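*Asks:* next comes the sequence, and after it the predicted model I'd like to discuss.
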Amino acid sequence: MIEGILIGLEAAFSIQNLLMVIAGCLIGTFIGMLPGLGPMSIIAIMIPVAIGIGDPAAALILLAGVYYGAIFGGSTSSILLNAPGVAGTVATSFDGYPMARKGQAGKALTIAAVSSFAGGTIGAILLMIFAPALSSVALLFHSAEYFALMVVGLSAIAAFAGTGQVAKALMMTILGLILATVGEGALYNMPRFTMGMMDLQSGISFITLAMAMFALPEALFLVLNPARGAGQGESGKIENLRFSREEGKAMVPVIGRQSLQGFFIGVLPGAGATIASFLGYAVERNIAKGDEQAEFGKGSVKGLAAPETANNAACTGSFVPLLTLGIPGSGTTAILLGALIALNVTPGPRLMVDTPEIFWAVIISMFIGNLVLLILNLPLIPYIAKILAIPRNYLIPFILFFTLMGAYIGQNNATELLMLVGLGVMATIFRFADYPLAPLLIGFILGTMLEDNFSRSMQLYRGLGFILERPMTLGLLILAALLVLLPSYRARRARNRASGVADGD
Amino acid sequence: MALDRWIALIFVAFCCIYGYAAFFTMDHLLPPFMQRNPVWPSTFPKMLAVLGAVVGLIVLLGIEQTDDSAEPGATDINYRNLREYKLGQATVLLGLMVAYALLLRPAGFLLATTVFLVAGSAVLGERKLHVMIPVALIATGAVWYLVQEVLGIFLRPFPFFLGN
């Protein structure tokens, strides 16, 4: 491990990669602050640039920097405008915005930055410990287990979608898997479902799909509803970035608890920053005593530190399944996975063995990225915050243009742009009807791998026998079934108990 | 019927078409040596079609109870009042994107992009064209330089009759 860290240090401290971290964090903060552009959209927009760089380590470092920056930028707009650009920072606005209203915007931003830094750094240390351990276990996995593991991942994502949403999330996952079967597969040299169109021969580009699922609907929502994202800044001046020693002391235990909790929530597929931040906020409010508890929601230091620590730790945690198993646990890591595959790197347990410099450079740059956010971005915040004043008449055409450009650069094909618009309209309608879109993209990205592993185990065992012959596969598949069925079973039981009668529907 | 159920209905229909393609049109294309394989190119799509139809029916029939208590937030869009939103602007912008897609090659990147950006902001109600046109020109030039020179991806800058 020491050797690996040294390799990582060497790679991460090259001038190019340092610049990548800094550029990534700045771009991420800059765009993440804009209402309506979450980390997924930003990373999707940045992917053509990252692929253009060509060096996978540098590209992944850039994208990870953008990811961190975007979360930080999202917190900034939550605190200053009460307009969270990202779901993961909604809990930040509970206490951050009241604090800013009291004229302590600067202090709130510093607390957010310090807690994010601590959460991210502790998360990265945990990642250094757990990722190698997990990947040595993962090396024992065969294609049958991988197939089962991906099924577990996909069902977990659906299961965490919330009450009454499990079937919808599953439907989106299956739609993603179906879209992934378009084009020529790796195992069979035969075009499928292309309807005779040459442009579909290589399948649907995942950048196009990512743009269409996230960036485009957000932009359309901004057009449809001008009130969205217009918190109209009454935040005033940002001054006095310091917090007192007592406040610092109050934050320490919160940061300790929330970075651990956030990290482990982030590791779970489907959970991630949003759940981690809400849960972190709730836990800290319940633990707090008398006066401190009453303070929550009115500008409590603890109430701001908790979600901020937890969401950054969870972002780091979500890299564990990506780097060790090659299975993304969230929409954002799914996009990162797509970018890595485009760069000819296969994330998974072999990543640490085959290309340790990429693996360790990414982890080391997480530390650097957190540091950059703390010492470079924080002083710049008052200036960066000016971007919030860009009128939407200018902003929206540019967002649309960047989505178009991203899809075009990836494929150099104008048909791709028409597909982008079509899929974007479809995604917007899905959003209207409250269908979650992240499962679709994750299903799409995992689809090819899922099918390859399934086919490989079918060929090795001459049929479905692998499910019974490999106990771990069977166990994982049962787990997947339980994950999907349990939430609706529990909801039904709770409802029956509440109404007193079993209505037997 | 609510919009989510309509979508589920369309999805079930889509799964049926997809399943029909997988079950009845794909296998006869298979060369004989591959037919001895336990897994065919159509195996996975067949499974997906069946699963998709089942899950789609669950949503369509409302077997899983939904949580109706959640009120939509102020910034969320309620599609039932779609007419109250700026639907026209959104449609025109989508039309602009389609036009951009069709004109990008023939008109060249610089012209198509500048026109797209200016027209887009004009649709949104921007009247200060003396600001928007220079902004669009500078942004277009900068993006073209980045893509062409830094990333090394070819983008035809000028209309087709001006050569490459």
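*Replies:* Ah, there it is. Numbers count the residues shown, from 1 in each chain, chains lettered A, B, ... in the order given.
*Asks:* buried residues of the strand or helix carrying residue A:368, list them for me.
*Replies:* Counting by DSSP states H and E, the element that carries residue A:368 is helix A:356-372. Residues of helix A:356-372 classed as buried by neighbour count (16 or more other Cβ atoms under 10 Å in any protein chain shown): A:356, A:358-370, A:372. Any C-beta I mention is one placed from the backbone N, CA and C, and that applies to glycine too.
*Asks:* biggest separation within those, which pair?
*Replies:* Using Cβ to Cβ, the buried residues of helix A:356-372 span at most 23.5 Å, a distance reached by A:356 and A:372.
*Asks:* in stretch A:459-471, what counts as buried?
*Replies:* Within stretch A:459-471, the residues that qualify as buried by neighbour count (16+ other Cβ under 10 Å) are A:461, A:466-467, A:470.
*Asks:* could you dump it to PDB, C-alpha only?
*Replies:* In PDB, the C-alpha atoms belonging to stretch A:459-471 read as follows (Å, rounded to 0.1, in the frame of the first residue of the first chain):
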ATOM      1  CA  GLN A 459     -21.500 -20.400 -21.700                       C
ATOM      2  CA  LEU A 460     -19.200 -21.600 -19.000                       C
ATOM      3  CA  TYR A 461     -22.000 -23.600 -17.200                       C
ATOM      4  CA  ARG A 462     -23.900 -24.500 -20.300                       C
ATOM      5  CA  GLY A 463     -27.100 -23.000 -19.100                       C
ATOM      6  CA  LEU A 464     -28.600 -21.400 -16.000                       C
ATOM      7  CA  GLY A 465     -26.800 -24.000 -13.700                       C
ATOM      8  CA  PHE A 466     -24.400 -21.300 -12.500                       C
ATOM      9  CA  ILE A 467     -27.100 -19.900 -10.300                       C
ATOM     10  CA  LEU A 468     -27.200 -23.100  -8.200                       C
ATOM     11  CA  GLU A 469     -23.600 -24.200  -8.500                       C
ATOM     12  CA  ARG A 470     -22.200 -21.000  -7.200                       C
ATOM     13  CA  PRO A 471     -23.700 -20.300  -3.800                       C
END
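*Asks:* other residues contacting it?
*Replies:* Contacts of stretch A:459-471 from elsewhere in the structure, counted by Cβ atoms under 8 Å, 6 or more residues apart in numbering or on different chains, are A:142-145, A:457-458, A:473-474, A:477, B:37-39.
*Asks:* and the furthest pair within these?
*Replies:* Looking at these by Cβ to Cβ, the two members farthest from one another are A:474 and B:37, with 23.3 Å of separation.
*Asks:* so residue A:51 makes contact with residue A:60?
*Replies:* No. The pair residue A:51 / residue A:60 is not scored as a contact, 11.1 Å apart, by Cβ atoms under 8 Å.
*Asks:* now the common contact residues for the two.
*Replies:* What both residue A:51 and residue A:60 touch, as defined by Cβ under 8 Å, 6+ apart, is the set A:339, A:343.
*Asks:* give me the more crowded residue out of those two.
*Replies:* Taking residue A:51 and residue A:60 together and counting by other Cβ atoms under 10 Å in any protein chain shown, residue A:60 has the greater number of neighbours (28 against 20).
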